[in-house]
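# the amino acid sequence is not available; the structure is as follows:
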């Protein structure tokens, strides 16, 4: 199975080198790493192009939704398994290999795992992961009646992405891309959640209170967008 890692980027010069260094040390290398250039104006691309396994594609529509869709659409045309992380991730050395081993099970269509903040420690780390990471999987999981995908750490078969790509709402920039994809994915397949498949990520969501709080209305809008057809009580009946 051919593999691609998709990473949307917008001015990620502070993070992209550490991410790509980690990908260069994988025990099983992906066939390519697709960097989706979302109008970078810093040195992100010049850093990325230093790595021979990187392919740069462009998405001029600004925003994570459009950049994610462009990356997944492009990867799905040429590769079998698509892995997704962000520029501020530091994938563990076995991330690709472990993911591909799970996809040897033909019943697995979508695989996701949590993140942990590598630049926090002690009480701050515990609090951040409780209020951000665990709350995401608990609350959105309750809305979906199963675990959602976490955009910094998930993988899926190209075949299932092709089935849902045009049905998603990723042409909008006022919704949460991970949540929107999750709603469309569960219409065709269960999302397999592996709590031990942990992705180190930066704590930049906590850079400011404004940065953190703006995520909540976006998330709520993403849930309401899929009502009434996919209210939690209806999904609970369907998923029994």
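Perfect, I can see it now. Every value quoted in this text rests on a predicted model; they were computed, and no experiment measured them.

# from the chain's centre, how far out does the longest helix anywhere in the chain sit?
Criterion DSSP state H: the longest helix present in the chain is helix 64-76. Distance of helix 64-76 from the chain centroid (CA atoms, centre = their mean, to the nearest Å) equals 11 Å.

# lowest-confidence helix or strand of the protein?
The helix or strand of the chain with the lowest confidence, counting by mean pLDDT, DSSP states H and E, is helix 209-213 at a mean of 74.

# contact partners for the residue sitting nearest the centre point of the chain?
Residue closest to the mean C-alpha point of the chain, counted by CA atoms, centre = their mean, is residue 151 at 1.7 Å. For residue 151, the contact set (CB atoms under 8 Å, 6 or more residues apart in numbering) comprises 68, 84, 86, 177-178, 181. For every residue, glycine as well, the C-beta is placed using N, CA and C.

# tell me the one of those nearest residue 4?
Closest approach to residue 4 among these (CB to CB): residue 84, at 9.5 Å.

# neighbours of the closest one, how many?
26 (other CB atoms under 10 Å).

# which residues does it contact?
Counting by CB under 8 Å, 6+ apart, residue 84 makes contact with 5-7, 68, 71-72, 151-155.

# I'd like those residues as CSV, with distance to residue 106 and pLDDT appended.
Output for those, formatted as CSV (distance: CB to CB, whole Å; pLDDT from 0 to 100):
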residue, distance to residue 106, pLDDT
5, 22, 98
6, 22, 98
7, 27, 98
68, 26, 98
71, 25, 98
72, 21, 98
151, 25, 95
152, 26, 97
153, 22, 98
154, 18, 98
155, 15, 98
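
# would you mind putting those into a markdown table with distance to residue 212 alongside?
As requested, those are arranged in a markdown table below (distance: CB to CB, whole Å):
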| residue | distance to residue 212 |
| --- | --- |
| 5 | 27 |
| 6 | 25 |
| 7 | 23 |
| 68 | 21 |
| 71 | 25 |
| 72 | 26 |
| 151 | 16 |
| 152 | 16 |
| 153 | 19 |
| 154 | 22 |
| 155 | 27 |
